[in-house]
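# missing the sequence, but the structure's below:
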């Protein structure tokens, strides 16, 4: 369910993408620059957006920022050689899945500390009640 929600949100972010300082557009740019990807499934996802019809592919898709001109980004045939062709959805989900063992390990460690705290509090409770009866 997380994957389907992420994919639909990423598709929405691409559809509504613009260069203004909106946080969804910034998130798309950050993901594409960091993971070296473009689009959801692949770079051609951008061709179905309004942004592409006006400006072509975004600069965050470029392999080399200095080698991407606006004319190249507007032409899908030229852009194919200059932008990342892999989609971001697979890369994000595989990155999350690879880090899942770390998250599970940390969660298990926290759960163990909680369990030790419960056991020690039960021991303290028994000790306190036993001492009170001995005093009386």
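Arrived safely. Here the structure is a predicted model, which is why all the values come from computation and not from measurement.
# was I right to think residue 84 contacts residue 44?
No: look at residue 84 against residue 44 with C-beta atoms under 8 Å: they stay out of range, at 11.9 Å. For every residue, glycine as well, the C-beta is placed using N, CA and C.
# which sections of this protein are below the confidence cut-off?
Within the chain, the stretches with pLDDT under 70 are 19-21, 130-136.
# centroid residue for the chain?
Nearest to the mean C-alpha position of the chain, counting by C-alpha atoms, centre = their mean, stands residue 92 at 5.4 Å.
# distance of that residue relative to residue 41?
Per C-beta to C-beta, to the nearest Å, residue 92 is found 12 Å from residue 41.
# again with residue 7
Plainly put, residue 7 is 9 Å away from residue 41 if you go by C-beta to C-beta.
# re earlier: is the residue nearest to the centre of the chain in a helix, a strand, or coil?
Under DSSP: H, G, I helix; E, B strand; the rest coil, residue 92 falls in the helix class.
# what residues does it make contact with?
6, 10, 31, 35 (C-beta atoms under 8 Å, 6 or more residues apart in numbering).
# who's more crowded, residue 7 and residue 41?
Using other C-beta atoms under 10 Å, the more surrounded residue of residue 7 and residue 41 is residue 7, with 17 against 14.
# contacting residues around that one?
Residue 7 makes contact with 40, 89 under the criterion C-beta under 8 Å, 6+ apart.
# I figured residue 50 was touching residue 56, is that so?
No: using C-beta under 8 Å, residue 50 is not in contact with residue 56; the gap is 11.9 Å.
# which one's more surrounded, those two?
Higher neighbour count among residue 50 and residue 56: residue 56, with 23 against 11, using other C-beta under 10 Å.
# for residue 121, see how far away the more buried one is.
To residue 121, residue 56 is 63 Å away according to C-beta to C-beta.
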